[in-house]
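Enquirer: only the shape, not the letters, is given here:
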């Protein structure tokens, strides 16, 4: 059990343990413990070069981004029913294992036990049941859960790494959204075939668990792990989007994200990649490409680049309710508006609108060629899936139908 109150946490940044302190009183305060401007930043917009002590009335957004939510938060509540779940408690539970390079520890606390490494092959051969996933959660939660999100997922360490931090993400099946793991696998496969960067991924042999390698953990030549900084767009925008504020991640536009990337001085190649990610989400009918599903990786404020595409599924094939007992609805809109402006909406764009977004907003020289490349990737993924017994036939048929509309964007209009 954690203490009733946690007024302070030691914060590690990458390979630097106890690089700073996070304190909670009436406000939150972060202090760098070394008086040098050249040390690694706790966040892109909180560099030590600007000041050594930062304060905020709420938890700093780059720390808030990794607090568990959805399924994982409910599992934590079930495992620790008498435990406080303040932000400081949740950060202590995350420990060193959150996405990105920040780690948290109660001053003077024992080092958490090292979880037994598992190989990717073992996980892919494991037959999924809810009890199997519960066992994974129980085995690794004590050393840090790390992943925020609604879909059941947990991080586990892979045997090939020498640094004992979870380096694999395991996403499980969901009763609410049947075939979700296979759905995301097929989307990622299409993205790969269409020339879009993604994490390394594979689908379990029973088709019910998706296993991904973390894109923020880089294997060095000595087989140790370099942890990269990561911030999602919501955090970079200074937004907290958990719990009652979760709808905030659906506020905004892809145009504003592109403008933020320009403000961060990312090179044109990253704007090209961003356009491809947005176009792909539109073409596969992913209506959940919100502010937390785009982000940047970095080593320093001068060395920043767009993160690979992640958390992409064809949402249009599922029905959902806004509240228990409510009517079933179909997902027919984007997560964000394509263009900024109060008179804009989340309707899927026309081909012409998407091409204007690519050329005028993202400065892509040949956006139509990008759409054709993505379409070829989608068609190749569908062709491969016909011979893949892990992909349920009904799911494949529904995704093929949903993608047919998206493929229209790539038709030659000359």
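Expert: Received the coordinates, thanks. Keep in mind the model is a prediction, meaning the values are calculated, not measured.

Enquirer: contacts for stretch 357-367?
Expert: By C-beta atoms under 8 Å, 6 or more residues apart in numbering, the surrounding residues in contact with stretch 357-367 are 254-255, 258-259, 268, 271-272, 274-275, 278-279, 338-339, 349, 354-355, 370. To be clear about C-beta, it is placed using only N, CA and C from the backbone, and glycine gets the same treatment.

Enquirer: next step: these restricted to helices.
Expert: 254-255, 258-259, 268, 271-272, 274-275, 278-279, 354-355, 370 (DSSP state H).

Enquirer: picking that back up, sort out which of the contacts of stretch 357-367 are buried, if you could.
Expert: Neighbour counting by 16 or more other C-beta atoms under 10 Å classes 254-255, 258, 271-272, 274-275, 278-279, 338-339, 349, 354-355, 370 among the contacts of stretch 357-367 as buried.

Enquirer: what residues are up against residue 90?
Expert: 67-68, 73, 76.

Enquirer: what helix or strand does it sit in?
Expert: In the assignment (DSSP states H and E), residue 90 maps to helix 87-94.

Enquirer: any low-confidence regions in this structure?
Expert: Along the chain, segments meeting pLDDT under 70 span 112-116, 137-166, 242-245, 321-324, 412-414.

Enquirer: switch the cut-off to 80
Expert: The model of the chain has pLDDT under 80 over residues 1-2, 69-80, 82-83, 97, 110-118, 133-167, 173-176, 241-246, 320-329, 412-414.

Enquirer: so where do the helices sit in the chain?
Expert: Going by DSSP H, the chain shows helices at 61-64, 70-79, 87-94, 120-125, 130-141, 180-193, 233-236, 254-263, 268-283, 351-356, 367-385, 393-407.

Enquirer: ok, the lengthiest strand in the chain: who's next to it in the sheet?
Expert: Ordering each strand of the chain by length in residues (DSSP state E) puts strand 16-24 first. Strand pairing for strand 16-24, determined by DSSP bridges: strand 8-13 (antiparallel), strand 28-32 (antiparallel).

Enquirer: and of these, who's closest to residue 224?
Expert: With C-beta to C-beta as the measure, strand 8-13 is the member of the strands paired with strand 16-24 nearest residue 224 (15.0 Å).

Enquirer: residues of the closest one that come out buried?
Expert: So strand 8-13, judged by 16+ other C-beta under 10 Å, has buried residues 8-13.

Enquirer: once you drop chain neighbours, what's closest to the spatially most central residue of the chain?
Expert: When the chain is reduced to its mean C-alpha position, the nearest residue by C-alpha atoms, centre = their mean turns out to be residue 293, at 5.2 Å. Using C-beta to C-beta, 6 or more residues apart in numbering and skipping the chain neighbours, the partner closest in space to residue 293 is residue 311 (4.7 Å).

Enquirer: shouldn't that neighbour be in contact with residue 291?
Expert: No - counting by C-beta atoms under 8 Å, residue 311 does not reach residue 291; the two are 11.7 Å apart.

Enquirer: which of those two has more neighbours?
Expert: residue 291 (24 against 20; other C-beta atoms under 10 Å).

Enquirer: distance to residue 411 for the strands paired with strand 16-24 - can I get that in JSON lines?
Expert: JSON lines is the format used below for the strands paired with strand 16-24 (distance: least, C-beta to C-beta, whole Å):
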{"stretch": "strand 8-13", "distance to residue 411": "49"}
{"stretch": "strand 28-32", "distance to residue 411": "52"}
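
Enquirer: out of those strands, which gets nearest to residue 123?
Expert: Per C-beta to C-beta, nearest to residue 123 of the strands paired with strand 16-24: strand 8-13, 27.1 Å.

Enquirer: ok now the closest one, how far from the chain's centre?
Expert: 23 Å (C-alpha atoms, centre = their mean, to the nearest Å).

Enquirer: touching that strand from outside, list them.
Expert: Here strand 8-13 makes contact (C-beta under 8 Å, 6+ apart) with 17-24, 30, 39-42, 88, 91-92, 96, 101-107.

Enquirer: filter these down to the buried ones.
Expert: 19-22, 24, 30, 39-42, 88, 91-92, 96, 101-106.

Enquirer: tally up the residues packed near residue 170, please.
Expert: Counted with other C-beta under 10 Å, residue 170 comes out at 27.
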